[in-house]
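>>> Quick one, structure for this:
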Amino acid sequence: MQDVVPTAKVVYTDNDPIVLRHAETLLISGPEGTTDYVQADVRRPGEIIEHARGVLDFDRPIALSLIALLHFVPDDQDPFGIVGELFAALPSGSHLVLSHAASDLHAEPAQQVTAEYARAGIRLGFRTREEVARFFDGLDLVEPGLVTAAEWFRTPPAPSPEDSGVHAGVARLR
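Numbers count the residues shown, from 1 in each chain. This is a model prediction of the structure:
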C-alpha cells in the first residue's frame, strides 16, 4: 500500500501465529507512513479496534478490508454482529471491502470444501449472495455492486470472463 500512497497507515490483523512471522518480514513501514500488525481474532472486534486506534486516525475515513475471512466465521459466531461492531467504530466516508466464499454459485464443490474442512475440525460458513449482501446493510454499495470477485473491476477494459465461487463488494458509510 505504501508503494502507492507513502503516507498510508495500515493495521493488518490475523490470528495465525505463522502469519505474524511473514508479517514481520513483509509489512515494513516507509518513513512517511505506518504499517502495523496485531495478532488478534476477528471474533473479538473490540481488541482490534482498540489496537487500531493507536495507529489510525479515526477522524478520517478508513478502509476496512475483510478479504476471504468471514466464511471462516459460522453463523453461530455472529459474523454480522462482528462486522457491525467493526464498522460502527469507523467515521463517515469509510469503506468496507469484502469478499466471501459462496454457497450458491457452485453448490456441490462448496459443500465438498465445507465437509473437508469439517473433518479437520474447522467449521465454515459459506453464504449465498443474499446472505453476503447483509454485510452491506445500511451502506452505499460502490459500482458494480455485489458481484463475483472476477466481475469486480472499476476501469475498462473488463477482464476476460472467469468463473468464480466468491462474492465481492465495496461499500461506503454515509
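>>> any idea how far Asp163 is from Leu146?
17 Å (CB to CB, to the nearest Å). Placement of C-beta: from N, CA and C, glycine included.
>>> Nearest spatial neighbour of His51, chain-adjacent residues omitted?
Val38 (4.3 Å; CB to CB, 6 or more residues apart in numbering).
>>> Would you check that that neighbour makes contact with Asn15?
No: Val38 is beyond contact range of Asn15, at 9.8 Å (criterion: CB atoms under 8 Å).
>>> more neighbours, these two?
Comparing Val38 with Asn15 by other CB atoms under 10 Å, the one with more neighbours is Val38, at 18 against 14.
>>> Am I right that that one sits in a strand?
Yes: membership of Val38 in a strand is supported by DSSP: H, G, I helix; E, B strand; the rest coil.
>>> Quick check: the gap between the residue nearest to His51 and Val142.
Per CB to CB, Val38 is found 27 Å from Val142.
>>> Then Arg119?
Arg119 is 38 Å from Val142, by CB to CB.
>>> Could you check which of these two has the larger neighbour count?
Neighbour tally, Arg119 and Val142, criterion other CB under 10 Å: the higher count belongs to Val142, 17 against 7.
>>> The more buried one touches Arg172, doesn't it?
Yes: if you go by CB under 8 Å, Val142 and Arg172 touch, sitting 6.3 Å apart.
>>> Need the residues touching each of those two.
Here Val142 and Arg172 share the contacting residues His95, scored by CB atoms under 8 Å, 6 or more residues apart in numbering.
>>> Not counting sequence-adjacent ones, nearest residue to the residue most central in space within the chain?
By CA atoms, centre = their mean, the chain has its centre lying nearest to Leu66, at 0.6 Å. Computed as CB to CB, 6+ apart, the closest residue to Leu66 that is not its neighbour in sequence is Leu98, at 4.8 Å.
>>> Number of residues surrounding that neighbour?
As a burial measure, Leu98 scores 22 neighbours (other CB under 10 Å).
>>> can you tell me which residues contact it?
Contact analysis of Leu98 by CB under 8 Å, 6+ apart lists Ser65, Leu66, Ile67, Leu70, Val83, Val132, Phe135, Phe136, Ala168, Gly169, Val170, Ala171.
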